[in-house]
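**Student:** Sequence plus predicted model, see below.
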Amino acid sequence: MADLFELAPAGIALLDDDGRFVDANGALCDLLGYRLDELIGRLDVEFLDPTDSGGGLVGGLTRSSGELLVPHRVLARSDGASVPCQVHAAASVRDDGGRSWLVTFHDITEQLARAMTLRYQATHDELTGLLNRRGFQDRLAELLPPDKPGSVAVLFCDLHNFKRVNDALGHEAGDELLSAVAERLLAGLPSRCEVARFYGDEFVILLRDLEGNHELDSFVNSIAELFRMTVPLRRRQVQVSASIGVKVVEDSGTDVVALLRSAESAMLDARVRGQARSGIDHDQLTLEQHLREAISRGELDLHYQPVIDNDDNVVIAEALLRWHHPDLGPLTPDVVLAVASRGGMLADLDTCVLRIALRESRSWKRRDGVPVKVAVNLSGLRPEQPGFADVVRSVIRETGAEPSDLVLEMVETVFAQLEPEQRQEMNDLVADGVQFAVDDFGTGYSSLSVLKELPTQIIKLDRMFVCGVGTDPDDLGIARAMTELARTLGRMCIAEGVETSTQHQLLRAVSVDAYQGYYFSRPIPPEEFRAYLAGG
Ligand code: C2E
Ligand code: CA
Ligand code: CA
């Protein structure tokens with residue numbers, strides 16, 4: 001029996017009736033980190049951790065009950081570490097009639113850790129570390145019924161665009177997006193909130209200690225703001241936002257499942273209302289597919305708007321995109337560009353427009369035989385991309401146009417960040433005869449030194465400044481300064497958005513080189529533009 005006592009893998013001790021150690025085996029000495037002689041004679045309570053539930057191991061009322069199983073005591077090791085143990089104590093009566101205690105100790109550190117992991121896994125979302133549906137329902141159930149009606153609210157939030165990200169960029173990108181959202185929520189939510197991810201892109205927020213509807217409104221707004229973010233994914237900037245449905249817990253009769261269901265249906269309502277308002281969000285996927293097909297078949301419409309010089313001749317026509325959607329009808333460029341941008345097809349769109357514009361411009365004839373250039377706006381096709389000049393050249397070649405037929409318009413911010421070799425690509429195109437125009441000049445805050453360095457031949461004065469010419473002396477002053485600048489730098493200056501004869505006269509007086517705007521012509525379809533040219 002003595003050998004068995006020493007061999008047993010569990011810690012075993014013999015205690016007297018006061019709880020003093022009389023003997024202990026090697027396993028217990030190892031467990032506590034003490035030698036046997038350090039244990040003998042000392043009280044059991046001296047080896048308890050401060051976090052233990054208290055009382056001696058064999059003390060108190062239980063002493064008379066003969067046998068006692070305490071599920072979970074916390075002992076303190078000699079090095080200060082705490083050891084959770086399952087402790088078993090049994091009284092035994094000695095020959096002299098006195099009582100001793102036989103106590104076994106099982107270290108349950110690992111068991112507890114495993115149980116905690118299991119519990120964590122059952123209640124948390126693996127991807128984001130947020131609560132999952134079950135964890136959330138548990139927390140919500142603890143708060144029901146609320147101390148005060150209306151003091152607890154559930155927000156059901158569903159991301160816009162998530163399916164699109166998943167489909168277009170892959171599930172890993174989708175997961176990254178969800179993690180980014182979770183991180184932001186964790187960092188930004190006040191401490192009286194719990195947040196969970198249910199399924200896919202559904203995030204659910206629990207708010208307690210609510211002071212009333214007024215506070216709720218501002219809270220919901222701040223949550224919507226938290227969701228509004230831009231996440232860089234696969235070299236793209238993905239815009240995130242969410243539809244939010246709110247359910248306030250009013251009475252004690254509501255159960256967790258019913259609450260969640262009504263918060264979810266509030267979210268769906270919000271979603272439908274939101275779509276009816278924005279239009280663009282409406283079925284983004286199909287819009288995108290349609291646009292992709294239209295681009296690959298070259299089925300985009302261009303309208304042309306003439307640019308008139310000081311001799312009243314058409315020198316350039318700007319190609320402006322019009323897309324006739326089979327169901328939605330004609331769409332303006334800003335809508336088309338937004339769809340293309342979200343679908344990552346801006347460069348394809350630009351190439352397609354370039355091809356159509358160069359092809360259609362070949363049939364343009366001015367009465368005096370002088371060629372009219374075509375101006376194409378570029379937003380996706382950019383000089384900083386490798387192969388930019390090659391794409392432009394190959395479209396010129398393929399359409400049989402001359403490089404000198406072409407003007408490429410870009411906003412100043414595109415030019416501002418170019419490396420020397422990228423600038424060189426532009427210079428090579430310029431040497432071929434292509435011209436570059438800085439579009440919307442004056443709106444991009446680029447420095448004049450940048451402007452000076454750029455291989456651009458044309459500056460287009462933004463219509464924001466033109467529209468005040470004739471009414472606002474400052475605008476005329478700006479127009480004068482801009483043309484002065486253009487002349488100094490040897491650039492041609494075109495005024496955009498000229499709508500009245502007065503504007504035209506005044507701009508002429510400050511030596512603008514050419515004009516574009518409704519005063520001369522709106523953007524018109526290709527046949528009409530040909531007739532406009534032929535009519536002189
Ligand atoms: P933008 O390059 O500044 O084009 C001029 C815009 O001003 C056109 O709007 C034109 O219709 C409008 N406009 C012309 N004259 C007047 C006028 O007298 N008064 C007023 N109020 N507006 C005038 P649009 O066609 O809606 O195009 C908007 C923007 O969309 C363009 O601005 C351009 O940045 C972009 N865009 C248009 N077509 C294309 C394209 O094919 N490719 C790319 N990448 N962007 C395009
Ligand atoms: Ca333009
Ligand atoms: Ca412009």
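**Tutor:** Sure thing, it's come through. Ligands and ions are numbered 1, 2, ... in the order given.

**Student:** what does the stretch 251-400 of the chain put close to ligand 2?
**Tutor:** Residues of the stretch 251-400 of the chain lying near ligand 2 by CB under 5 Å from the ion: residue 377. C-beta coordinates here come from the backbone N, C-alpha and C atoms, glycine included.

**Student:** so where do the helices sit in the stretch 251-400 of the chain?
**Tutor:** 256-278, 284-297, 333-342, 346-361, 388-399 (DSSP state H, counting those that start in this stretch).

**Student:** hang on, residue 16 packs against residue 22?
**Tutor:** Yes: Residue 16 is within contact range of residue 22, at 5.6 Å (criterion: CB atoms under 8 Å).

**Student:** And the average pLDDT for stretch 403-418 is what?
**Tutor:** Stretch 403-418 carries an average pLDDT of 87.

**Student:** Revised request: answer the last question for stretch 52-60.
**Tutor:** Averaging the model's pLDDT scores along stretch 52-60 yields 71.

**Student:** swap in stretch 491-501?
**Tutor:** Stretch 491-501 carries an average pLDDT of 96.

**Student:** Next one: it, is it in contact with ligand 1?
**Tutor:** Yes: under the criterion of CB under 6 Å from any ligand atom, ligand 1 is reached by stretch 491-501 at 496, 497, 498, 499.

**Student:** Over to residue 438: give its phi and psi.
**Tutor:** When read as degrees, to the nearest 10, the backbone of residue 438 gives phi -90, psi 110.

**Student:** How much space separates it from ligand 2?
**Tutor:** Per CB to the ion, to the nearest Å, residue 438 is found 10 Å from ligand 2.

**Student:** Surely that residue touches residue 450?
**Tutor:** No: look at residue 438 against residue 450 with CB under 8 Å: they stay out of range, at 10.1 Å.

**Student:** what about the strands in the stretch 151-300 of the chain?
**Tutor:** For the stretch 151-300 of the chain, the strands defined by DSSP state E, counting those that start in this stretch occupy 153-159, 193-197, 202-207, 229-233, 236-240, 242-248.

**Student:** Let me know which of those strands is the nearest to residue 413.
**Tutor:** Checking those against residue 413 by CB to CB gives strand 236-240 as the closest, at 14.8 Å.

**Student:** Show me the shaky parts of this protein.
**Tutor:** Within the chain, the stretches with pLDDT under 70 are 59-71, 252, 269, 271-286, 443-447.

**Student:** Can you tell me which residues in it are near ligand 2?
**Tutor:** Counting by CB under 5 Å from the ion, the positions of the chain adjacent to ligand 2 are 377, 409, 439.

**Student:** among these, who's most crowded?
**Tutor:** Neighbour counts for those were taken using other CB atoms under 10 Å; the highest belongs to residue 439, with 25 neighbours.

**Student:** I figured that one was touching residue 377, is that so?
**Tutor:** Yes: using CB under 8 Å, residue 439 is in contact with residue 377, at 6.7 Å.

**Student:** what's the overlap in contacts for these two?
**Tutor:** Common neighbours of residue 439 and residue 377 are listed as 409, 410 (criterion: CB atoms under 8 Å, 6 or more residues apart in numbering).

**Student:** which residues does residue 399 contact?
**Tutor:** Counting by CB under 8 Å, 6+ apart, residue 399 touches 355, 358, 359, 362.

**Student:** With residue 30 instead?
**Tutor:** By CB under 8 Å, 6+ apart, the contact set of residue 30 is residue 11.

**Student:** What strand or helix carries it?
**Tutor:** Using DSSP states H and E, residue 30 sits in helix 26-32.

**Student:** list the buried ones in that helix?
**Tutor:** Residues 27, 28, 29, 31, 32 are the ones in helix 26-32 that count as buried (16 or more other CB atoms under 10 Å).

**Student:** all strands for the stretch 351-500 of the chain, in order.
**Tutor:** 373-377, 406-411, 435-441, 458-461, 492-495.

**Student:** how about the ones you listed in JSON lines, adding distance to residue 392?
**Tutor:** As requested, those are arranged in JSON lines below (distance: least, CB to CB, whole Å):
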{"stretch": "strand 373-377", "distance to residue 392": "10"}
{"stretch": "strand 406-411", "distance to residue 392": "7"}
{"stretch": "strand 435-441", "distance to residue 392": "11"}
{"stretch": "strand 458-461", "distance to residue 392": "16"}
{"stretch": "strand 492-495", "distance to residue 392": "20"}
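
**Student:** Pick out the residue of the stretch 101-250 of the chain closest to ligand 3.
**Tutor:** residue 237 (23.2 Å; CB to the ion).

**Student:** what's around that residue, how many residues?
**Tutor:** Residue 237: 9 surrounding residues under other CB under 10 Å.

**Student:** Could you report the separation of the spatially closest residue to it that is not a sequence neighbour from residue 184?
**Tutor:** Distances taken as CB to CB, 6 or more residues apart in numbering place residue 230 nearest to residue 237, at 5.1 Å, with adjacent residues excluded. From residue 230 over to residue 184 the distance is 11 Å, taken as CB to CB, to the nearest Å.

**Student:** neighbour count winner among these two?
**Tutor:** Neighbour totals were compared for residue 230 and residue 184, and residue 184 leads with 16 against 11 (other CB under 10 Å).

**Student:** ok, so what distance separates that one from residue 331?
**Tutor:** As judged by CB to CB, residue 184 and residue 331 stand 33 Å apart.

**Student:** need the contact list for the residue nearest to residue 202 when sequence neighbours are not counted.
**Tutor:** Using CB to CB, 6+ apart and skipping residues adjacent in sequence, the residue nearest residue 202 is residue 158, 5.5 Å away. Applying CB under 8 Å, 6+ apart to residue 158 gives the contacts 201, 202, 203, 242, 243, 267, 271.

**Student:** mind checking how far residue 158 is from residue 264?
**Tutor:** From residue 158 across to residue 264, the span is 8 Å (CB to CB).

**Student:** Same check on residue 397?
**Tutor:** Residue 397 is 57 Å from residue 264, by CB to CB.

**Student:** who's more crowded, the two?
**Tutor:** residue 264 (18 against 11).

**Student:** was I right about residue 44 contacting residue 52?
**Tutor:** No: contact criterion CB under 8 Å: residue 44 and residue 52 do not qualify, at 10.7 Å.

**Student:** The two: which is more packed in?
**Tutor:** Per other CB under 10 Å, whichever of residue 44 and residue 52 has more neighbours is residue 44, with 24 against 19.

**Student:** Enumerate every residue touching the more buried one.
**Tutor:** 15, 19, 20, 21, 56, 57, 58, 59, 103.

**Student:** I'd like those as a markdown table, with secondary structure and distance to residue 509 appended.
**Tutor:** Output for those, formatted as a markdown table (DSSP: H, G, I helix; E, B strand; the rest coil; distance: CB to CB, whole Å):
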| residue | secondary structure | distance to residue 509 |
| --- | --- | --- |
| 15 | strand | 109 |
| 19 | coil | 107 |
| 20 | strand | 110 |
| 21 | strand | 108 |
| 56 | coil | 104 |
| 57 | coil | 103 |
| 58 | coil | 107 |
| 59 | coil | 105 |
| 103 | strand | 106 |
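
**Student:** For the nearest residue to residue 463 once chain neighbours are set aside, what are phi and psi?
**Tutor:** In this structure, residue 463 finds its nearest non-sequential neighbour in residue 497, 2.5 Å apart by CB to CB, 6+ apart. Note on residue 497: backbone dihedrals following degrees, to the nearest 10 are phi 70, psi 30.
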